[in-house]
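Asks: Show me the folded form of this:
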Amino acid sequence: MKSVYILRSLTRPATYYTGVTDDVQRRLAEHNSGKCPHTLTARPWELVTVIAFAAPQRAIAFEHYLKSGSGRAFAQRHFR
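Replies: Have a look, this model is predicted:
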């Protein structure tokens, strides 16, 4: 099972990150430990939303959507 997650930076509250993983807690720990270059400068992070998908391809498609212009607007309205 894959999950799409949205993180919010605690040091920069207007900064969000969206990703997909099969282990949300491990991935959050990686973001907060500095192992991810895309999120390194805005640590620490907190989970805002986690959505689990039974079909991995649907999780990946939803993550791509959330990273698009209309997907960002959707996330702003519903998850933030």
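Asks: Could you give the number of residues near residue 13?
Replies: Residue 13 is flanked by 11 other residues according to other C-beta atoms under 10 Å. Just so you know, the C-beta spots here come from the backbone N, C-alpha and C atoms, and that holds for glycine as well.
Asks: what about it, which helix or strand?
Replies: Under the criterion DSSP states H and E, no helix or strand holds residue 13.
Asks: mind pulling up the phi and psi values for it?
Replies: Residue 13 adopts backbone torsions of phi -60, psi -20, taken as degrees, to the nearest 10.
Asks: State the three-state secondary structure for residue 38.
Replies: Recorded secondary structure, residue 38: coil (DSSP: H, G, I helix; E, B strand; the rest coil).
Asks: What segments of this protein are helices?
Replies: Shown for the chain, the helices assigned by DSSP state H span residues 24-33, 56-66, 69-78.
Asks: now for the last one, which elements pack on it?
Replies: In other words, helix 69-78. Where contact means 3 or more C-beta pairs under 8 Å, 6 or more residues apart in numbering; DSSP states H and E, helix 69-78 is packed against helix 56-66.
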